[in-house]
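Engineer: structure here, sequence nowhere to be found:
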Ligand SMILES: [Zn+2]
């Protein structure tokens, strides 16, 4: 049953603007065990997978009970998992795996001007500032840590739509695990494309809907993040979306998130009736 405060809308594929889809899977919210079931569909024409119908932008906050907003970076998994991973050893393993393997990759660039979209606590801004970058951020929730502000970084709080146009374009714009949360990814990518200097870089990370993990775990795949993730990109569909936004995809790198694998195995076992 869908809670009364949530409204769903059916949106066509943003590439072909059609509702011409194949149903891939259905699943409930697994992050917070909130009511409601969601379906992933795949467009027959362009293969883009999306959650449809999906909660409207005005009501999707219901599925973010921590009030941390629909745009977050790696904090998404940290927060959600720390809640359902109540045992200390689980937290220790998770922290170790994140530390060991979850390094965001960047082109080899000389420090210049950078914007991070979805900068949350400001951890990445701080890392880049320490490497000589002039950093700015956009965070989407007041509840995210105020560390970035307290360290003196320029951070806009609010949606991308309300973010002021930069006085000067950025040489690097990064968005770690943000794009899959956006209701209108093409609109946002067009805006970001416009904010990047002509020789600059837009660097994104998204879960890989073409990964073997997804093929193996299907609706128990941890990175579905239902219903937070509205689009489930593959390198091919991401390339198409970027192209439509005026960007050119030049490089695809794969990251291995070992904790996601463990979490998927956990979901899979839970679905089979095992409880921890
Ligand atoms: Zn389509």
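Structural biologist: Sure thing, it's come through. Treat the numbers as computed from the prediction; the structure is a model and nothing was measured. Numbers count the residues shown, from 1 in each chain.
Engineer: enumerate the residues of the protein near the ion.
Structural biologist: Within the chain, the positions near the ion by C-beta under 5 Å from the ion are 13, 15-16, 43, 45-46. (Glycine included, C-beta is placed from N, CA and C.)
Engineer: who's in contact with residue 197?
Structural biologist: Contact analysis of residue 197 by C-beta atoms under 8 Å, 6 or more residues apart in numbering lists 113, 169-171.
Engineer: next, format the residues of the chain next to the ion as JSON lines and append secondary structure and neighbour count.
Structural biologist: Below are these laid out as JSON lines (DSSP: H, G, I helix; E, B strand; the rest coil; neighbours: other C-beta atoms under 10 Å):
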{"residue": "13", "secondary structure": "coil", "neighbour count": "23"}
{"residue": "15", "secondary structure": "coil", "neighbour count": "17"}
{"residue": "16", "secondary structure": "coil", "neighbour count": "13"}
{"residue": "43", "secondary structure": "strand", "neighbour count": "21"}
{"residue": "45", "secondary structure": "coil", "neighbour count": "13"}
{"residue": "46", "secondary structure": "coil", "neighbour count": "17"}
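Engineer: picking up where we left off before, now rank the contacts of residue 197 by neighbours and give me the top one.
Structural biologist: Counting neighbours by other C-beta atoms under 10 Å, residue 170 leads the contacts of residue 197 with 22 neighbours.
Engineer: ok, now which ones touch that one?
Structural biologist: 113-115, 136, 195-197, 200 are the contacts of residue 170 under C-beta under 8 Å, 6+ apart.
Engineer: now residue 105, nearest residue through space, not along the chain?
Structural biologist: Nearest residue to residue 105, sequence neighbours excluded (C-beta to C-beta, 6 or more residues apart in numbering): residue 253, at 5.1 Å.
Engineer: and the one you found, backbone torsions?
Structural biologist: Per-residue torsions, residue 253: phi -120, psi 150 (degrees, to the nearest 10).
Engineer: thanks a lot, catch you later.
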